[in-house]
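In: Predicted coordinates and the sequence they were generated for:
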Amino acid sequence: MPLSNRITLTQYLIEQRRRFPTASGELNALILDVSIACKAIARTVALGALAETPAGGAINVQGEEQKPLDVASNAMLIRQTEWSGHLAGMASEEMDEPYQIPASYPRGKYLLVFDPLDGSSNIDVNVSVGSIFSILRAPQEAIDSGRDVVEADFLQPGATQVAAGYALYGPTTMLVLTVGNGVAGFTLDLNVGEFKLTHADIRIPEDTHEFAINSSNSRFWEAPVKRYVDECLAGKTGPRGKDFNMRWIASMVAEAHRILMRGGVFLYPRDSKDPAKAGRLRLLYEANPIGMVMEQAGGRASTGRQPVLALTPESLHQRIGLVFGSRREVERIEQYHNEPSRREASNPLFAERGLFRD
Ligand SMILES: O=P(O)(O)OC[C@H]1O[C@](O)(COP(=O)(O)O)[C@@H](O)[C@@H]1O
Ligand SMILES: [Mg+2]
Ligand SMILES: [Mg+2]
């Protein structure tokens, strides 16, 4: 079908709203505002070194250096959504504290949480990056009082997300979205500046022979992850009985998209690299939205031990181990984590609650 005959994101959202006849339309309006910010970010990303972006160089709460495009993308998402009256507040990878809607604008019932630019270490090398977003409902008492938002308002399990998705700035710009009724993919039609539905009802194949992990961390991995990767690498003659392929883009959003399109599994597991960090990726604005997209597409998202969406977050910038993708593969990794290890089985001092547990 030529792109011009496809329905737009706006039309798709109107269709989705028909499922909720009493809905106010505010969620749709908010998603459309996010999509406009993503178009603006896509333009800036596409300009590359020609873009006039604000200075970066500051260190964010993650202890990571902010690139000029991290700062610019953060500002574009804020500016495009804060005025609308649909938001009670926002939180972002690039802001230490929750963002308060300025007093000159009305406050609304949703919370917007985002990673304005994921994979930003790839900007300078012209590899795909993206924006990840999650929409939560603010606590009723915060909506009623219109008070400032606080960290605790955002600490809701991923299962309560109202909508989630990402924009991918690759050879084409795509927006992938779930409003809790499957996953749909939209391609930006540059001729008319609209996202058009090109990938209706995306489903992830249950099995795969492709995995993604940063193997330079292998010496820090826990035994179940080592076992899983070793078994993949052993190929046809190993316990899995088939050859595996490996990919590592270092843009989680691009890996998530590849997995949605053709299956696979992604691991950034908990490891012992930095004992102060429970993992690399952040729960609220990376793991939860990607987790909701995965689960809605028939895949699975896990910490390696339990479903990501069931976790109650402890802080805004909490990190966790993350495994997602083809359902059966993620379940296998969870099973490896939940089995008592061979060492524990032979020596109770190393058991989960034992004296020498590492
Ligand atoms: O450099 P590493 O350790 O491979 O980490 C790559 C991971 O870090 C990230 O870039 C983190 O996201 P940010 O770029 O938003 O900080 C992920 O997209 C990616 O999977
Ligand atoms: Mg990120
Ligand atoms: Mg980022």
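Out: That came in fine, so what should we check first? Ligands and ions are numbered 1, 2, ... in the order given.
In: backbone phi and psi for residue 237, please?
Out: Backbone geometry at residue 237, expressed as degrees, to the nearest 10, gives phi -90, psi 0.
In: what's the answer for the one 5 residues further on, then?
Out: When read as degrees, to the nearest 10, the backbone of residue 242 gives phi -150, psi 150.
In: ok, now how distant is it from ligand 2?
Out: Per CB to the ion, to the nearest Å, residue 242 is found 31 Å from ligand 2. Every residue, glycine included, has its C-beta placed from N, CA and C.
In: Now do the contacts for that residue.
Out: Residues in contact with residue 242 (CB atoms under 8 Å, 6 or more residues apart in numbering) are 209, 235-236.
In: Return the member of these nearest to ligand 3.
Out: residue 209 (29.8 Å; CB to the ion).
In: count of neighbours near that closest one?
Out: 16 (other CB atoms under 10 Å).
In: can you pull the contacts of it?
Out: So residue 209 contacts 242-245 (CB under 8 Å, 6+ apart).
In: Please parse this protein into its domains.
Out: With domains defined by automatic domain parsing, the chain comprises 3-199, 210-350.
In: for this protein, what are the low-confidence residue spans?
Out: 1-4, 341-358 (pLDDT under 70).
In: Residues of it that sit close to ligand 2?
Out: 115, 118 (CB under 5 Å from the ion).
In: So for the residue of the chain found nearest ligand 2, what's the nearest residue that isn't a sequence neighbour?
Out: The nearest approach of the chain to ligand 2 comes at residue 118, 3.5 Å away (CB to the ion). Nearest residue to residue 118, sequence neighbours excluded (CB to CB, 6 or more residues apart in numbering): residue 253, at 4.4 Å.
In: right, is the strand or helix carrying residue 91 up against ligand 1?
Out: Assigned by DSSP states H and E, residue 91 falls within strand 87-92. No. Strand 87-92 does not reach ligand 1 (CB under 6 Å from any ligand atom); its nearest approach is 10.2 Å.
In: returning to what we had before: can I get the buried part of the contacts of residue 209 as one PyMOL selection?
Out: In PyMOL, selecting the buried portion of the contacts of residue 209, with burial taken from 16 or more other CB atoms under 10 Å, looks like this:
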select buried, resi 244
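In: got a markdown table for the contacts of residue 209, with distance to ligand 3 and secondary structure too?
Out: Output for the contacts of residue 209, formatted as a markdown table (distance: CB to the ion, whole Å; DSSP: H, G, I helix; E, B strand; the rest coil):
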| residue | distance to ligand 3 | secondary structure |
| --- | --- | --- |
| 242 | 35 | coil |
| 243 | 34 | coil |
| 244 | 29 | coil |
| 245 | 27 | strand |
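In: Count the neighbours of the residue of the chain found nearest ligand 1 for me.
Out: When scored by CB to the nearest ligand atom, the chain has residue 252 as its residue closest to ligand 1, at 3.5 Å. Using other CB under 10 Å, residue 252 is surrounded by 24 other residues.
In: residue contacts, it?
Out: Applying CB under 8 Å, 6+ apart, the residues near residue 252 are 118-119, 266, 268, 281, 286, 290.
In: Keep only those of the residues you listed that are in helices.
Out: residue 290 (DSSP state H).
In: so which of the contacts of residue 252 would you say is closest to residue 164?
Out: The nearest member of these to residue 164, counting by CB to CB, is residue 290 at 7.8 Å.
In: burial count for that closest one?
Out: 33.
In: looking at it, it is touching residue 257, isn't it?
Out: No. Applying CB atoms under 8 Å as the test, residue 290 and residue 257 come out as separate, 9.9 Å apart.
In: Tell me the residues that contact both of the two, please.
Out: Joint contacts of residue 290 and residue 257 (CB under 8 Å, 6+ apart) are residue 166.
In: Kindly report the residues of the stretch 101-250 of the chain close to ligand 3.
Out: 115, 117-118.
In: Centre of the chain to stretch 48-63, how far?
Out: Centroid displacement of stretch 48-63 relative to its chain, using CA atoms, centre = their mean, to the nearest Å, is 21 Å.
In: Next, the angle strand 87-92 makes with the helix ranked longest in the chain.
Out: Of all segments of type helix in the chain, defined using DSSP H, the longest is helix 26-47. Helix 26-47 runs at 30 degrees relative to strand 87-92, counting by axes from the mean of the first three to the mean of the last three CA atoms, to 10 degrees.
In: Is helix 26-47 positioned near ligand 1?
Out: No. Against ligand 1, helix 26-47 shows no contacts by CB under 6 Å from any ligand atom, the least distance being 13.0 Å.
In: list the buried ones in that helix?
Out: 27-42, 44-45.
In: ok, then the element right after that helix?
Out: Helix 26-47 is succeeded, C-terminally, by helix 68-81 (DSSP H and E).
In: can you list contacts of that next one?
Out: 30, 33-34, 36-37, 40-41, 44-45, 51, 53-56, 58, 60, 87, 90, 92-95, 99, 112, 114, 116-117, 120, 123, 129, 131, 133.
In: what does this structure put close to ligand 1?
Out: 64, 93, 115, 118-121, 214, 250-252, 268, 280.
In: Counting neighbours, which of the residues you listed end up buried?
Out: 93, 115, 118-120, 251-252, 268, 280.
In: And these, which is closest to residue 294?
Out: Using CB to CB, those come closest to residue 294 at residue 252, 11.6 Å.
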